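Peer 1: Curious how this folds, go ahead:
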Amino acid sequence: MNTLFSPAKIGGVELKNRIVMSPMCMYSVHKEDGIVTPWHVTHYVSRAVGQAGLILLESTAVLPEGRISVRDLGIWEDSQVPALTALVEAIHEAGSKAGIQLGHAGRKTTAADKGVAPSPVAFPDMPVPEELTAEGIAQVIAAFAAAARRAVLAGFDVVELHAAHGYLLNEFLSPLTNHRQDQYGGSRENRFTLLRQVIEAVKREKPRSLFVRISAEEYATGGNTREDILYFAREMKALGVDLIDTSTGGVVLADIKYYPGYQVPYAAEIRKEAGIATGAVGLISTGGYAEEVLASDQADLIFIGRAFLRDPYWPRTAAAELGISIKAPAPYERGWVTRA
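Peer 2: Take a look at the predicted model:
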């Protein structure tokens, strides 16, 4: 039985297959207003036409100062919703579900003179960030909640929180970047407090399905341990998170050895030990390997990143590799069907 092209129900959303377009920054906003452009429509809808089960938009900023760059998508005000709504409708029309990753860059922003962080610890070659006050933390939580409300209004099927790669939520989780002595720092329980409060606030906006992306390995002495990560995963499951999108790195500069599937073991361990659905990501580029990950119960979904940049119709390519046929979009049937 083929698993990659079998349906999957994650939270309140049923996907036609287990292929997810992974969030990847496009840096293609024209006017620094965070609004969807024709490029975004072409980029995302073409992958929906290519038969991905779920299209996850790039990290979309919940505050203007929380952008990674000034050319990032935004969801910090209501004026950004109509274009997002139209994009969701186009993705749905092409047969895929639509998701959005909500993010705040924290100290890793180039959209402000300096970013904010749990502690005034700079990322290499970037300004020292301002330490968030209690009032600032409350504003961040409110911004994530408001962004989730707009995402639900726009019709997104999935909301994902970006708590990985050294951005703000990840900065609070990691002892490498969080040196606070209040309720938001110190123990792993305290370091989880901001993410807990954001999850609770976002859940109140009733997204159909909630994912969280985490960095399960920081590749640095003094970072989160295996036990820390499993604690976070179990707490997220208890809070009603539906899937953990399992990535690694980005908190500090590190020498990472990249190879196909290098992050898959983290997804497998979290799935087994925390009893929560996981997505596997990281140089998964062939249908055969994607099928192996799923069939061996290492993950529930496969997140495809750079392979989708090379091939908008990667699901068709994977199906051909696996020796199976998938339904083509009606206008493409004469091109997708091969004859002896």
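Peer 1: Quick one, grab the pLDDT at residue 234.
Peer 2: Listed pLDDT for residue 234 reads 98.
Peer 1: how far away is it from residue 226?
Peer 2: Residue 234 is 13 Å from residue 226, where distance means Cβ to Cβ, to the nearest Å. Quick note: C-beta positions are derived from backbone N, CA and C, even for glycine.
Peer 1: mind listing the strands for this protein?
Peer 2: According to DSSP state E, the chain carries its strands in the segments 8-10, 13-15, 19-21, 54-61, 97-103, 116-117, 130-131, 158-163, 209-215, 243-247, 277-281, 301-304.
Peer 1: these two touch, right, residue 32 and residue 71?
Peer 2: Yes: Residue 32 is within contact range of residue 71, at 7.1 Å (criterion: Cβ atoms under 8 Å).
Peer 1: Comparing these two, which residue is more hemmed in?
Peer 2: More neighbours surround residue 71 than the other of residue 32 and residue 71, with 18 against 14 (other Cβ atoms under 10 Å).
Peer 1: Report the separation between that one and residue 34.
Peer 2: The value you get for residue 71 to residue 34, if Cβ to Cβ is used, is 9 Å.
Peer 1: would you list every one of the helices in the stretch 1-150 of the chain?
Peer 2: In the stretch 1-150 of the chain, the helices defined using DSSP state H, counting those that start in this stretch lie at 38-49, 81-93, 134-154.
Peer 1: Among the ones you listed, which comes closest to residue 264?
Peer 2: Minimum separation from residue 264 across the helices of the stretch 1-150 of the chain (Cβ to Cβ) falls at helix 38-49, 21.9 Å.
Peer 1: Run through the neighbouring helices and strands of that closest one.
Peer 2: Applying 3 or more Cβ pairs under 8 Å, 6 or more residues apart in numbering; DSSP states H and E, one finds that helix 38-49 contacts strand 54-61, helix 81-93.
Peer 1: Next up, the contacts around residue 235.
Peer 2: 192, 196 (Cβ atoms under 8 Å, 6 or more residues apart in numbering).
Peer 1: What separation do you get for it and residue 276?
Peer 2: Here residue 235 is placed at a distance of 10 Å from residue 276 (Cβ to Cβ).
Peer 1: same check, this time on residue 200
Peer 2: Applying Cβ to Cβ to residue 200 and residue 276 gives a distance of 17 Å.
Peer 1: So which of the two has more stuff around it?
Peer 2: Shown here are residue 200 and residue 276; by other Cβ under 10 Å, residue 276 has more neighbours (19 against 13).
Peer 1: Let me see the residues that make contact with the lowest-mean-pLDDT helix or strand in the chain.
Peer 2: Every helix and strand in the chain was compared by mean pLDDT, DSSP states H and E; the lowest is helix 333-336, with a mean of 87. In this structure, residues lying in contact with helix 333-336 by Cβ under 8 Å, 6+ apart are 316, 328-329.
Peer 1: Same question for it: list its buried residues.
Peer 2: By neighbour count with 16 or more other Cβ atoms under 10 Å, helix 333-336 contains the buried residues residue 336.
Peer 1: Could you do stretch 112-120 as well?
Peer 2: Neighbour-count burial for stretch 112-120, counted by 16+ other Cβ under 10 Å, picks out 112, 115-119.
Peer 1: That one - what's its average pLDDT?
Peer 2: 95.
Peer 1: distance between stretch 101-118 and the chain's centre?
Peer 2: Distance, stretch centre to chain centre, for stretch 101-118: 16 Å (Cα atoms, centre = their mean, to the nearest Å).
Peer 1: show me where pLDDT drops low in the protein?
Peer 2: For the chain, the stretches with pLDDT under 70 are 1, 338-340.
Peer 1: What separation is there between the closest residue in space to residue 104 that isn't next to it in sequence and residue 136?
Peer 2: Leaving out its chain neighbours, the residue that sits closest to residue 104 by Cβ to Cβ, 6 or more residues apart in numbering is residue 66, at 3.6 Å. According to Cβ to Cβ, residue 66 stands 11 Å off from residue 136.
Peer 1: got it, and residue 181?
Peer 2: 17 Å.
Peer 1: Please apply the same query to residue 185.
Peer 2: From residue 185 across to residue 136, the span is 14 Å (Cβ to Cβ).
Peer 1: Neighbour count for the two, which is higher?
Peer 2: Set residue 185 next to residue 136 and count neighbours by other Cβ under 10 Å: residue 185 wins out with 18 against 12.
Peer 1: What about the more buried one? Give its phi and psi, please.
Peer 2: Backbone torsions of residue 185, given as degrees, to the nearest 10, read phi -140, psi 170.
Peer 1: Identify the residues contacting it.
Peer 2: Per Cβ under 8 Å, 6+ apart, neighbours of residue 185: 118-119, 172, 178-179, 191.
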